[in-house]
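S.K.: build me a model:
(chains A and B)
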Amino acid sequence: METQFIGEQLLPGQIGQFLLVLSFVASLFGIYSYVQDSRYELKDPNTALGWKKLGRIAYTLHAFSIVAIFLTLFYIIQNHLFEYNYAWKHSSKGLKAKYLLASFWEGSEGSFLLWTFWNAVLGFFVIWKGSKWESRVLSIVLLVQAFLVTLQLGIYFDTTKIGSSAFTLLRHQMDAPIFAQKDYLNFVTDGNGLNVLLQNYWMVIHPPVLFLGFSLALFPFAYAVSALWKEDYKTWINPALRWSLATGAGLGAGIMMGGAWAYESLNFGGYWAWDPVENASLVPWIIVVAALHTLIIFKSTGRSLKITLVFFILQYVLVWYSTFLTRTGVLGDTSVHAFTGEGSSMKWHLIIAMFTLLGISIFLLAKRWKKMPHVVGEEASDSREFWMLIGSIVLLISSLHIIFMTSLPVWSPLYKKISGIDVAPPADVITYYNNIQVWFAILIALLTACAQYFKFKKTNNMKGFWIDNGITLAVSIVLSVIIINVQKVIHPQIMVFMVAAFYALFANILYLFKGKKGNIKKAGGSVTHIGFALVLIGVIFSGYKKRVISKDFSGKVMNFGKESFEENAQESSNNLMLYRNAPMPMEDYTVTYLGDSSDNKNDPPITYFKVRFEKLDPKTQKPIESFTLYPDAFVNPKGQEGLSSNPDAKHYWNKDIFIYVNSIPAKDEDTSAYHPYEIKKGDSLFVNNGYLVLDSVGGAITNPEYKSDGHDAAIPLRFSAYDISGKVGDIQPIFYVKGNEMGSVYDSLNALGTFIRVESVNPQTQTFKIGVRQRAQTDDYIVLKALVFPYVGVLWIGIIIMVAGFGISMIARLDRQGQRPKTVLDRM
Amino acid sequence: MKKSSIIILIGIAVLMALAVSMFGELSTYETFKSAAEKPGKTFVVMGTLDTTVKTHYDPKVNTDQFMFNAIDKSGKSTAVIFNGTKPQDFERSESLVMTGSMKDDVFHCEKIQMKCPSKYEADQVVVAKPAAIN
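M.R.: Next comes the predicted model:
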């Protein structure tokens, strides 16, 4: 007989597991029904309709199961049911409510569930509006769903485990003697908690948006495959166009939020590091943008159908490939934030899914290739479609380069076998990518500027073309020359890049007013291009002119093997050590570290460092600007050693001052002794940076370190602490008697760097002997790194405009849906 | 020649140029000994922290210098100077991926990537004492 464990809530897990199986079976049934529907749709419309109804029932059943699974898992996490491995591993009781969602998708199972959820929800749009495309598109969607659900099943098939379930019990997941006890749950009082790096609001919003992007990417793919399947290359265009615009917006926003998270939470000092995980989501986005452009070519001229279909297939296969790269641990040592662990068992699962999707697509492409409609003859050099196609090919080559390089760990073992050389990524990955990708960015910027001034098929007014482009290009060159001189830009590729980016900006603004008569509704493309140009400008300024301002001018110069003394001096110290209350100069600012404070309610506790920046008028020495930043850090979180630090930034319209704490003194370095005092209630006591007053004896106990067992007598002493600016906090050491044992619990106040404990109590005189320890001034410091990112705001605004542009285009195409103008294809 | 053929040829040429240039930029995985054969040239060395030698980081002397010993795949322990602050959870790292160059028997390291067992996973059950009955 199975052991009955005490206190377990098994029902939610059983419901969840049942729904997983149900959703899987429903997806298979749905595929079968929809495929039947597509087979009968011409031969026997009535039978087809019956199958379609069954397909819809299956789809709805599947989708509702997924939504219910989503809610069940959320219930488990929210109620801290630590009998479930997922809740135990990714959440804890002290976690703030807003981060419960972040812990939902911290793990592999939860993030797959999120992805499945979006696919299921989006599919309803196809039932609603898909009409004759519904059967084929949804059978492809359900095929993808079937793969995704198997990844979450966690069922043993003989000895092979299929997927990994979020509803696995802790006692099944782990093998420990404690699980032999019936009441083991009494001992598992708290979960493991959420990784401190992910305790950031961007982590609540970034994964849902990114996975929404991945889910959106499925639909243009499904339409492209359906078009091949149905051999109908006309009516898929408009829905595919809308879905790919939505993908551009969704995936773009998701990637941007990842960058914002990196900027605000990780201290690698930037928003983009060409990390494999970032690259893996960027590449599908680049390809879908390329596909979008070739689809417009096809819509307007009937050309470029084949390349469009290839792009749509490629972008979605790359979504799966990026999942493969980031989830299976194959990236290994090359990525900072790849998922680890369970990956290896998933490897073959993902490879099978990827090659099934690829196989179906290639089979259909090969079968239809010869019979696809095409336009005889070549594009004219003065036609818009020619330059749009060139742009799409540039995007393709750019993304092939990124993905090939990112895949280095995948192909390097093979290369080692052939050549015997064990290759590693370039020593400086960021510079490597920047130096190559800048040329693609230049080409793309130039093409977004000029291509739309051509007309489809043939441009009659070439004189107007040269005037518009000549003026905007000339303005860009003049502006760039001025900036290059003022900002002292020395790298030629950056000079060219700047001209191209400004040209893209001005040419698109001009086109918005001249070509589109300022009608924003119809000019989604121009808006997107303007946003893109602003992103490039933001990248140039914030990236190229980024500088470290926390220079140490103490004169110590280490030899770092650089060529010149200056370079060595520069490398010597990019971090500045700040003793508390000792101002240090930092560029135009005087920077003072004012102390730290802890938030113990957070899990794990978080420490805030108060750093004041003051700008003095050089003549009068009066402060003209003053602000305080609070970079924070998790100190020794969860038994780890060291700091996990989060930056803080001061935002100006033209720059960000960005700081983070790199190091603080280790606690055990603090060896100063307790100094004895004897005091009474009402007495005050002077310490290094202020004074303390013993306000009260007895009363409520607030010291979190003290745990009463009900059989003790405790005397809390409450001190108010003041510095020159006023009260800074309370400090409450405790003296207690437990049986015939006496003891003391110390308390500390970081704002004054003071620790107090009660040594003894004299009941006759009502006096207390206390020990006060002051953190030595030399042990009270932070090591700070400060950077300036000029014009980083331009980048964020650019991304928002770009995403808005996609949205405008999509809405415009929704409006025009009913009154579709005749396209070239209708005449073919 | 057809325009599309020219475009394809240019595309292939660019890709090939990129591939060739890439292999020039790539670093290689080495041991401390093989890295020492070309002093000053940047390589990637994989290894583990030598726990028999104490790590050293004193921001009062230099905020950007962290020293430790690492054992590479051949089992040789070598002094490493990292040009930066001491990374979080360094002592608990399972393996180190160090990018830098050898100079006078010391590995000057520009970048360290650590693999920590605890970073995203913690497969130990934290067992608390049963809550006291009040």
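S.K.: quick one: classify A:Arg773 as helix, strand or coil.
M.R.: Under DSSP: H, G, I helix; E, B strand; the rest coil, A:Arg773 falls in the strand class.
S.K.: residue contacts, it?
M.R.: A:Arg773 is in contact with A:Ser672, A:Ala673, A:Tyr674, A:His675, A:Thr754, A:Phe755, A:Ile756, counting by C-beta atoms under 8 Å, 6 or more residues apart in numbering or on different chains. Where C-beta positions appear, they are placed from N, C-alpha and C, glycine not excepted.
S.K.: which of those residues ranks first by neighbour count?
M.R.: The most neighbours of any of these, using other C-beta atoms under 10 Å in any protein chain shown, belong to A:Ile756, which has 24 neighbours.
S.K.: am I right that that residue is in a helix?
M.R.: No. Using three-state DSSP, the assignment for A:Ile756 is strand, not a helix.
S.K.: okay, now the unreliable bits of the stretch 1-150 of chain A?
M.R.: The stretch 1-150 of chain A contains residues with pLDDT under 70 at A:1-2.
S.K.: those residues of it touching chain B, which are they?
M.R.: Neighbours of chain B within the stretch 1-150 of chain A, by C-beta under 8 Å from any C-beta of the partner chain: A:Lys89.
S.K.: still on that earlier bit, just the contacts of A:Arg773 now: which is nearest chain B?
M.R.: Among the contacts of A:Arg773, A:Ser672 lies closest to chain B (C-beta to the nearest C-beta), at 15.8 Å.
S.K.: the contacts of A:Arg773 also near chain B: which ones?
M.R.: Counting by C-beta under 8 Å from any C-beta, nothing from the contacts of A:Arg773 sits close to chain B.
S.K.: turn the residues you listed into CSV, columns for pLDDT and distance to A:Asn762.
M.R.: Converted to CSV, the contacts of A:Arg773 look like this (pLDDT from 0 to 100; distance: C-beta to C-beta, whole Å):
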residue, pLDDT, distance to A:Asn762
A:Ser672, 58, 26
A:Ala673, 71, 22
A:Tyr674, 77, 18
A:His675, 81, 19
A:Thr754, 80, 23
A:Phe755, 81, 22
A:Ile756, 85, 17
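S.K.: of these, closest to B:Lys33?
M.R.: Proximity of the contacts of A:Arg773 to B:Lys33 (C-beta to C-beta) peaks at A:Ser672, which lies at 45.6 Å.
S.K.: where does chain B have low pLDDT?
M.R.: In the predicted model of chain B, residues B:1, B:88-89, B:115-134 satisfy pLDDT under 70.
S.K.: after the longest helix along chain B, which helix or strand is next?
M.R.: Criterion DSSP state H: the longest helix present in chain B is helix B:3-25. Counting by DSSP states H and E, the next helix or strand C-terminal to helix B:3-25 is strand B:27-30.
S.K.: now that next one: buried residues?
M.R.: B:Ser27, B:Tyr29, B:Glu30 (16 or more other C-beta atoms under 10 Å in any protein chain shown).
S.K.: repeat for stretch A:757-774
M.R.: By neighbour count on 16+ other C-beta under 10 Å, the buried set for stretch A:757-774 is A:Arg757, A:Val758, A:Val761, A:Phe768, A:Ile770, A:Gly771, A:Val772, A:Arg773, A:Gln774.
S.K.: mind listing what the third one touches?
M.R.: This points to A:Val761. So A:Val761 contacts A:Ile715, A:Phe735, A:Phe768, A:Lys769 (C-beta under 8 Å, 6+ apart).
S.K.: what does the last one give?
M.R.: In this structure, A:Gln774 makes contact with A:Ser672, A:His675, A:Val687, A:Asn688, A:Gly753, A:Thr754, A:Phe755, judged by C-beta under 8 Å, 6+ apart.
S.K.: now do 6 Å
M.R.: A:Gln774 makes contacts with A:Val687, A:Asn688, A:Thr754, as judged by C-beta atoms under 6 Å, 6 or more residues apart in numbering or on different chains.
S.K.: ok, the fourth one next?
M.R.: Shown in contact with A:Phe768 (C-beta under 6 Å, 6+ apart): A:Ile679, A:Val758, A:Val761.
S.K.: so how far is the strand or helix carrying the last one from its chain's centroid?
M.R.: The secondary structure element spanning A:Val761 is strand A:754-762 (assigned by DSSP H and E). Centroid separation for strand A:754-762 versus its chain: 48 Å, with C-alpha atoms, centre = their mean, to the nearest Å.
S.K.: again with stretch A:406-422
M.R.: Its chain's C-alpha centre and that of stretch A:406-422 lie 29 Å apart, by C-alpha atoms, centre = their mean.
S.K.: how about the residue most central in space within chain A, secondary structure?
M.R.: Residue closest to the average C-alpha location in chain A (C-alpha atoms, centre = their mean): A:Gly258, at 2.4 Å. Following three-state DSSP, we place A:Gly258 in the helix state.
S.K.: look up the closest residue to B:Lys73, ignoring the ones flanking it.
M.R.: Leaving aside its sequence neighbours, B:Lys73 sits nearest to B:Thr31 (C-beta to C-beta, 6 or more residues apart in numbering or on different chains; 5.8 Å).
S.K.: about what we covered before: among the contacts of A:Val761, which are located in strands?
M.R.: When the contacts of A:Val761 are checked against strands (DSSP state E), the matches are A:Ile715, A:Phe735, A:Phe768, A:Lys769.
S.K.: so which two of these are the farthest from each other?
M.R.: A:Ile715 and A:Lys769 (12.7 Å).
S.K.: tell me the helix or strand right after the longest helix that chain A contains.
M.R.: The single longest helix within chain A, with elements called by DSSP H, is helix A:45-78. Counting by DSSP H and E, the next helix or strand C-terminal to helix A:45-78 is helix A:85-90.
S.K.: which secondary structure elements does the helix or strand following that next one contact?
M.R.: For helix A:85-90, the succeeding helix or strand toward the C-terminus, using DSSP H and E, is helix A:97-104. Applying 3 or more C-beta pairs under 6 Å, 6 or more residues apart in numbering or on different chains; DSSP states H and E, we find helix A:97-104 packed against helix A:45-78, helix A:201-230.
S.K.: what angle separates the first one from helix A:97-104?
M.R.: Using axes from the mean of the first three to the mean of the last three C-alpha atoms, to 10 degrees, one finds that helix A:45-78 and helix A:97-104 are set 120 degrees apart in direction.
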